[in-house]
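In: sequence first, then the predicted structure, then my questions.
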Amino acid sequence: MITHTRDIVTLWPDTGAPERLVWAGRRYRVTDTPTRLEDMLLDITHPPQVNGWRFQGTDEHGDSSVFDVRTVDGGWELIGIYD
């Protein structure tokens, strides 16, 4: 199931790709290889300009979700969560 949101999150990049995320008071470690959202839109004739990432994050209890984040006003916005 996907949840759409517009929450501002804290994201720590490592060499450009996300490494950690804090959302709703929970800390997540990136536990897969992040994919640029732009790379996922290559089959679209006129893809929108999106600067973001999709990645799996796992919290300290072992609960995992997939997160879509994008840059906004110098920070990061969570735009989708897949459970």
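Out: Good, I have the coordinates. Everything quoted here is computed from the prediction, not taken from an experiment.
In: show me what contacts residue 77?
Out: Under the criterion of Cβ atoms under 8 Å, 6 or more residues apart in numbering, the contact list for residue 77 reads 6-9, 69-71. Quick note: C-beta positions are derived from backbone N, CA and C, even for glycine.
In: next one: residue 64
Out: 31, 56-58.
In: returning to that earlier point: are any of the contacts of residue 77 buried, and which?
Out: In those, burial by neighbour count holds for 9, 69, counting by 16 or more other Cβ atoms under 10 Å.
In: so which of the contacts of residue 77 belong to strands?
Out: With strands defined by DSSP state E, the entries of the contacts of residue 77 inside them are 6-9, 69-71.
In: can you pull out the low-pLDDT segments for this protein?
Out: Low-confidence segments of the chain, defined by pLDDT under 70, span residues 1-2, 39-50.
In: show me where it has its strands.
Out: For the chain, applying DSSP E gives strands covering 2-14, 17-23, 26-30, 35-36, 52-58, 64-72, 75-82.
In: verify the stated contact: residue 36 with residue 68.
Out: No: between residue 36 and residue 68 no contact is recorded; they are 11.0 Å apart, counting by Cβ atoms under 8 Å.
In: joint contacts of these two?
Out: Taking Cβ under 8 Å, 6+ apart as the contact criterion, the residues that touch both residue 36 and residue 68 are 52-53.
In: more neighbours: the two, which one.
Out: Neighbour comparison, residue 36 and residue 68: the larger count goes to residue 68, with 21 against 14 (by other Cβ atoms under 10 Å).
In: which residues touch the more buried one?
Out: 37, 52-54, 78-81.
In: neighbour-wise, which one of the residues you listed leads?
Out: Greatest neighbour count in the contacts of residue 68, by other Cβ under 10 Å, goes to residue 53: 24 neighbours.
In: contact partners for that one?
Out: Residue 53 makes contacts with 17-18, 34-37, 67-70, as judged by Cβ under 8 Å, 6+ apart.
In: dump those into a markdown table; add distance to residue 24 as well.
Out: Shown next, in a markdown table, are these (distance: Cβ to Cβ, whole Å):
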| residue | distance to residue 24 |
| --- | --- |
| 17 | 22 |
| 18 | 17 |
| 34 | 20 |
| 35 | 23 |
| 36 | 24 |
| 37 | 21 |
| 67 | 12 |
| 68 | 15 |
| 69 | 14 |
| 70 | 18 |
